[in-house]
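> Provided below are the primary sequence and the corresponding predicted coordinates.
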Amino acid sequence: MPEENGRVCILLGGGVDSSALIPFFQEKGFNVAGIHFDYGQPASFMESLAVKDVGKHFRISTIHEMLRPVVVSDAKEFRFRNAELVLAGGQSCVPPCLLAIGIHAGTPFYDCSPRFFERMQGLLSDYTGGTIRLVAPWIDLDKHGVVSMARAGKVPIQMTYSCQRGGELPCGECLSCRDRRAAL
């Protein structure tokens, strides 16, 4: 794991994957901060509440920013979402530092794949002269592995939120709800 001045900025979405990165980096001695983007997603409000609660639990500073233009969604995914989040996160971080994303194996989305990670890591490094480095510790873990890491790090899983529809109660039907239910 590369160390960039002992600081890491985590892209926090409110779910288990990104929340589990907090204790992972804290245990390695990093100064951890989090950033949550509202990119027009239906779940933004509930995700933001989860980020605040989990951030408070782990005593990290979190910032919440609006990201415009709105990320386009079809019935299955938010296209280009993780690419936009990585680039926006790179603009919001103070280098030198690491920028962490909670993508993991086992999803059908390109923006959770090793190929996506390698390309974004290269792009971010090129833009910043290597002063901000992208890391994805869960890239080779499936959802069960991430949940195991979350439990090992004592993540308050009940505080996390993973529904794509954004209701106060998870819908239980979207891909995020099904993924979470299968792993828990």
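Yep, that arrived.
> Across the sheet, point out what pairs with Cys97.
Bridge pairing for Cys97 (DSSP bridges) gives the partners Ile132.
> Wait, it touches Phe25, no?
No. Between Cys97 and Phe25 there is no contact under C-beta atoms under 8 Å: 11.0 Å. Backbone N, C-alpha and C define where each C-beta goes, glycine included.
> so where's this structure uncertain?
Of all residues in the chain, those with pLDDT under 70 make up the ranges 1-5, 69-77.
> Can you verify my assumption that Gly15 contacts Ala50?
Yes. Gly15 is in contact with Ala50 according to C-beta under 8 Å; the separation is 7.4 Å.
> re earlier: okay, and the common contacts of Cys97 and Phe25?
Residues touching both Cys97 and Phe25 by C-beta atoms under 8 Å, 6 or more residues apart in numbering: Val8.
> so what's the backbone phi/psi at the closest residue to Pro23 other than its chain neighbours?
Setting aside the residues directly before and after it, Pro23 is nearest to Gly153 in space (C-beta to C-beta, 6 or more residues apart in numbering), at 3.0 Å. Note on Gly153: its backbone torsions stand at phi -90, psi 10 [degrees, to the nearest 10].
> Can you report how many residues neighbour Gly153?
17 (other C-beta atoms under 10 Å).
> Next, show the common contact partners of Gly15 and Ala50.
With C-beta under 8 Å, 6+ apart, Gly15 and Ala50 have common neighbours 160-161.
> In three-state terms, label Leu99 for me.
strand (DSSP: H, G, I helix; E, B strand; the rest coil).
> Alright, that wraps it up for me.
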